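S.K.: Any chance you can model this:
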Amino acid sequence: MRHEIKHRLNPQDDFILTSRLQTLFSHDEHAGSHGSYRVSSLYFDSPYDKAVKDKLAGVNERFKIRLRYYGDEPTFIRLENKMKIGQLTNKISIKVTLADATALIAGDPTCLFTPNDPARTFFYTHFRNGLLRPVVQVIYEREAFTYLPGNVRVTLDRHLKTKAGPEGFFHADTPRLDVSDGLTVLEVKYDAFLPEIVKLAVQTPNRRHEAVSKYIEARRYE
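M.R.: Residues are numbered from 1 along each chain as shown. As a prediction, this is how the structure comes out:
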């Protein structure tokens, strides 16, 4: 389980904070020449929108299941379950093929049925029992920084875009609605402790202290 803190940043604070982080920390190893990369997620939910209702009701233990790939091409796709207990998070992740992902989108989870693989069995059970179906795409540009002590990862997610349903998910040029409102989502993730240098580095006077869920933001615009 890891700690996770989220805030919204206005453009001015984003500029100041980014300059500071670039001076102090290294970019994530997966970042491109500009220090950022594209993140594309397709979220699944039950017919009764359990993930949405649990979040809005403030349920302490909740989870979200999504397909995710990075960059413009779905050459490496992962199926992820992000579980949250209070301020702590955990993630189960498996690699799936494009054929597997397409089958899941179509409502067929049999590709996950692997009795000797606990992770794939976990996903298979949730897809079957929860009647999960694809509901919304969440696309954004991420700039990520890492700091080894505390296993810290600081990310800045910009230009949040969304589209209801799975159509065009595997195509970067699919038209999507920009719902960022010019703001950036700051996330700080760490293990047992947050080093003082990181704590000081991410301080900005004008940031909005609030719980942020890109999934919930995207569902508002269906």
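S.K.: Counting residues, which strand of this protein comes out longest?
M.R.: Assignment by DSSP state E gives strand 133-147 as the longest strand of the chain.
S.K.: Send over whichever helix or strand comes after that strand as CSV, restricted to the C-alpha atoms.
M.R.: Downstream of strand 133-147, the first helix or strand assigned by DSSP states H and E is strand 152-164. Extracted C-alpha coordinates of strand 152-164, given in CSV (Å, rounded to 0.1, in the frame of the first residue of the first chain):
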residue,chain,number,x,y,z
VAL,A,152,8.5,8.9,-4.3
ARG,A,153,6.7,9.6,-7.5
VAL,A,154,5.4,13.1,-8.3
THR,A,155,3.2,13.5,-11.4
LEU,A,156,1.6,16.4,-13.2
ASP,A,157,-1.4,15.5,-15.3
ARG,A,158,-2.4,18.0,-17.9
HIS,A,159,-4.9,18.4,-20.8
LEU,A,160,-7.5,16.0,-19.4
LYS,A,161,-9.7,14.7,-22.2
THR,A,162,-12.6,12.2,-22.2
LYS,A,163,-15.0,10.3,-24.4
ALA,A,164,-18.0,8.2,-23.3
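S.K.: partners of the next helix or strand after strand 152-164 in the sheet?
M.R.: Downstream of strand 152-164, the next assigned helix or strand under DSSP H and E is strand 177-178. According to DSSP bridges, strand 177-178 has the following sheet partners: strand 152-164 (antiparallel).
S.K.: So for the strand it pairs with, mean pLDDT?
M.R.: If you average the pLDDT over strand 152-164, you get 96.
S.K.: Hmm, Thr204 is touching Asp13, no?
M.R.: Yes - counting by Cβ atoms under 8 Å, Thr204 touches Asp13, with 4.2 Å between them. C-beta here means a position set from N, CA and C on the backbone, and glycine is covered the same way.
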